[in-house]
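Participant: Following is a predicted model, sequence given first.
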Amino acid sequence: MTGPKRFPEVAAGEFPSPPRTVEDADGREIHLRASDGSDADREALRAMYEAFDPADRAQGIPPSRPSKLADWLDRILTADCCNVFAWDGDEVVGHATLVPENGPESPYELAIFVLQSHQGAGIGTALMESILGHGTDVGISEVWLTVERWNRSAVGLYEKIGFETTDAESFELEMAIRLDDDQTERTG
Amino acid sequence: MKVLLGIGGSDDSIRALEAVVARAAAVGDDLTVAIVENPRSPRSREEIAERAQEELDAAGIDAPIRQVEGNPGSELVDIADREAFDEIALGGGQTSPMGKINVGSIAEFVLLNARTTVRLIR
């Protein structure tokens, strides 16, 4: 399937670029940075998803079988995708990803996951801001996602960030945001 | 078993066609193929009908192919009720670029409104 037929016309506000460090609601220092594509990053992300509670999966993602998880990591860690990790010490506790539909000019699909032990502390918001800041930096302008309608906390987060609902006809809400192209021009 | 297969032309509906026809050939289901409206379909109704006929011919079974106009979900539910089908079969969802499964509005309507068993093929 492909993304929305239309995106919001007005760009959302500016988002802070990674790397950045925030203190979460439980007083933990959380470091947000774009993945460097290294094997060490991939292993740290795999460890997070191996510890992930299957009840928090969304629409079959992340896959629970190890071989399927490896395939999925291969897909989202390719050079055409953007990934931001949230680190608590040397552990990845949150992850946001942008995956293009077909090539760098196309809209990007977004997903975000936070490890159960670190939910409800504001890390999701910090990750969202950081991945959209990173996406703006690399010239992405159209971003969309789908979310299960009953997942009120996720929908609330996306609305707070500036996503608009573009399709409410199915089980999953489709939401979209436009990033600020001008910022890309300013930063080169 | 009397099976009504609804296909709109999306990739998951084509997978459903293959799976349902294969099963009908194996167990002798009484199959009807209903081609329904899907504005997001990359294939025309004629292409879908041709594809369905090829699949039936290859499996060596005979099944009517109907072009169904109107709201796809409610038409499928109505046909199943009126003609005493045992089951409605549909594609089980499209996959997004990052691999998320998205169940379409036709499947949702049929799941919530059908009195028959509904089979989603994945």
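Facilitator: Happy to help now that I have it.

Participant: drop to CA atoms for contacts and neighbour counts, all remaining ones
Facilitator: Will do.

Participant: Residue of chain A closest to chain B, please.
Facilitator: A:Ser170 (4.5 Å; Cα to the nearest Cα).

Participant: Spell out the secondary structure type for that residue.
Facilitator: coil (DSSP: H, G, I helix; E, B strand; the rest coil).

Participant: Run through the residues that contact the nearest residue to it once chain neighbours are set aside.
Facilitator: Distance criterion Cα to Cα, 6 or more residues apart in numbering or on different chains; nearest residue to A:Ser170, sequence neighbours excluded, is B:Ser105 at 4.5 Å. Contact analysis of B:Ser105 by Cα atoms under 8 Å, 6 or more residues apart in numbering or on different chains lists A:169-171.

Participant: Now, of the residues you listed, which are buried?
Facilitator: Buried residues within the contacts of B:Ser105, defined by neighbour count using 16 or more other Cα atoms under 10 Å in any protein chain shown: A:170-171.

Participant: With B:Arg82 as the reference, measure out to the residue nearest to A:Ser170.
Facilitator: Note on B:Ser105: its distance to B:Arg82, by Cα to Cα, to the nearest Å, is 22 Å.

Participant: what does A:Ile61 give?
Facilitator: Distance, A:Ile61 to B:Arg82, by Cα to Cα: 39 Å.

Participant: And those two? Which one has more around it.
Facilitator: Using other Cα atoms under 10 Å in any protein chain shown as the criterion, A:Ile61 and B:Arg82 rank with A:Ile61 on top: 18 against 9.

Participant: close enough to count as contact, the more buried one and B:Gly99?
Facilitator: Yes: with contacts counted by Cα atoms under 8 Å, A:Ile61 reaches B:Gly99, the gap being 7.1 Å.

Participant: where do the contact lists of those two overlap?
Facilitator: By Cα under 8 Å, 6+ apart, no residue touches both A:Ile61 and B:Gly99.

Participant: Low-confidence stretches in chain B?
Facilitator: Counting by pLDDT under 70, not a single residue of chain B qualifies.

Participant: The residue nearest to A:Ala11 when sequence neighbours are not counted bridge partners, please.
Facilitator: Distances taken as Cα to Cα, 6+ apart place A:Arg178 nearest to A:Ala11, at 4.6 Å, with adjacent residues excluded. Assessed by DSSP bridges, A:Arg178 has beta-bridge partners A:Glu142.

Participant: longest helix of chain A?
Facilitator: With secondary structure taken from DSSP state H, chain A has its longest helix at helix A:123-137.

Participant: CA atoms only: put that helix into CSV for me.
Facilitator: The C-alpha atoms that make up helix A:123-137 are tabulated as CSV, following Å, rounded to 0.1, in the frame of the first residue of the first chain:
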residue,chain,number,x,y,z
ILE,A,123,10.9,9.7,25.5
GLY,A,124,8.4,9.2,22.7
THR,A,125,7.9,12.9,22.3
ALA,A,126,11.7,13.6,22.4
LEU,A,127,12.2,10.8,19.8
MET,A,128,9.4,12.2,17.5
GLU,A,129,10.9,15.7,17.6
SER,A,130,14.3,14.3,16.9
ILE,A,131,13.4,12.1,14.0
LEU,A,132,11.4,14.9,12.4
GLY,A,133,14.3,17.3,13.0
HIS,A,134,16.7,14.8,11.4
GLY,A,135,14.3,14.2,8.5
THR,A,136,14.1,17.9,7.8
ASP,A,137,17.9,18.1,7.8
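
Participant: Now do the strands in chain A.
Facilitator: In chain A, the strands defined using DSSP state E lie at A:20-23, A:29-34, A:82-88, A:91-100, A:108-114, A:142-148, A:164-167, A:172-178.

Participant: Can you add mean neighbour count and mean pLDDT and give those back as TSV?
Facilitator: Formatted as TSV, these follow (neighbours: other Cα atoms under 10 Å in any protein chain shown; pLDDT from 0 to 100):
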stretch	mean neighbour count	mean pLDDT
strand A:20-23	14	98
strand A:29-34	21	98
strand A:82-88	24	98
strand A:91-100	24	98
strand A:108-114	23	97
strand A:142-148	23	95
strand A:164-167	18	94
strand A:172-178	23	95
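
Participant: Low-confidence stretches in chain A?
Facilitator: A:181-188.
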